[in-house]
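K.L.:
quick one: sequence and predicted model below, then my questions.
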Amino acid sequence: MLSVVWPTVADMNLDELQKKLLAAARKNPPGDLVPYAFEQRIMARLARAPRLDEWTAWVRPLWYGAGVCVAVAVFMSVWSFEPDADQDLAAYFSQDIEQTILASDDAEILW
């Protein structure tokens, strides 16, 4: 089975596409059912089709990433200034160091 891959408008040169469409239209003359100026409307729509911009493909995800980074920075800032329930961490730390230093004397006796 032979499969035909039709190129999209973005893949094809518009001048080449216009030539192919005009050649196909000349081979098949329009009947009475075709509306007036139909081909001109189609050609005008093809001419104003948006073209893919490479910068737009990069800029949009980068702005989303920047927004996420700002949200994380704001969250971390608010979290760092939030008052802790355990304000006496310095006292606990000093007691732990003191017990560690004094515990070393007991360890020498055991060995």
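P.N.:
Structure received. The shown structure was predicted, so the numbers you read here are calculated from the model rather than taken from an experiment.

K.L.:
mind telling me what element A49 is part of?
P.N.:
For A49, there is no host helix or strand (DSSP states H and E).

K.L.:
where does Q18 land in three-state SS?
P.N.:
Three-state call for Q18 (DSSP: H, G, I helix; E, B strand; the rest coil): helix.

K.L.:
I figured it hits R45, correct?
P.N.:
No. With contact defined as Cβ atoms under 8 Å, Q18 does not count as touching R45 (12.0 Å). Every residue, glycine included, has its C-beta placed from N, CA and C.

K.L.:
which of these two has more neighbours?
P.N.:
Q18 (15 against 9; other Cβ atoms under 10 Å).

K.L.:
model confidence score at the closest residue to that one other than its chain neighbours, please.
P.N.:
Excluding the flanking residues, the one nearest Q18 by Cβ to Cβ, 6 or more residues apart in numbering is M43, at 6.7 Å. Among the per-residue scores, M43 shows a pLDDT of 85.

K.L.:
check which helix or strand M43 maps to.
P.N.:
helix 38-47.

K.L.:
what's the next secondary structure element after that helix?
P.N.:
Downstream of helix 38-47 (by DSSP H and E), the next one is helix 54-81.

K.L.:
report the distance from that next one to the chain centre.
P.N.:
Centre-to-centre, helix 54-81 and its host chain are 11 Å apart (Cα atoms, centre = their mean, to the nearest Å).
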